[in-house]
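In: based on what follows, work out the 3D shape:
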Amino acid sequence: MAENNRTRKDRSPKACPREGCPGMSFDGEKYCSLTCRSIAYELENTQRVCEYIGDTPLTTELWTEAVALGDACSRYLQLGYQLRMLALDSGITPKQWQEIRKGRGTAS
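Out: Numbers count the residues shown, from 1 in each chain. Here you go, the predicted model:
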């Protein structure tokens, strides 16, 4: 039976489209994580609101905070990746790492 390419998701990894994000998306997902997706949507929503209202001290402050939130998320994800790589280099398996993150791992 022939595959229907219109309904099949591309599973190859792609760079997360959120500006500044160091992550990769997998399994046909647009963003690398739910957190990244949420931040991207908030940035888009905030941009629309600020453009509609116009340049005011409040819109400037709101936009500044939205950008800072995105930057903090990028830094958080980068640090998490670095910690995962350190853990894997020390002998923790990818499966063990996921169990630890889910709260089912034990420190040994």
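In: run through who's touching the helix or strand bottoming out on mean pLDDT in the chain.
Out: Counting by mean pLDDT, DSSP states H and E, the chain has its least confident helix or strand at strand 24-25, which shows a mean of 86. With contacts defined as C-beta atoms under 8 Å, 6 or more residues apart in numbering, strand 24-25 is touched by 13-16, 31-32. No exception for glycine: its C-beta is placed from N, CA and C like everyone else's.
In: which of these count as buried?
Out: 16, 31-32 (16 or more other C-beta atoms under 10 Å).
In: just give the strands next to the least confident helix or strand of the chain in its sheet, each with its orientation.
Out: Take DSSP bridges as the rule and strand 24-25 pairs in its sheet with strand 14-15 (antiparallel).
In: give me the contacts around the strand it pairs with.
Out: Against strand 14-15 from outside (C-beta under 8 Å, 6+ apart): 21, 23-25.
In: stretch 87-102: end-to-end distance?
Out: End-to-end distance of stretch 87-102 (C-alpha to C-alpha, to the nearest Å): 15 Å.
In: gap between the least confident helix or strand of the chain and the chain center?
Out: In terms of C-alpha atoms, centre = their mean, to the nearest Å, the centre of strand 24-25 is set 8 Å apart from its chain centre.
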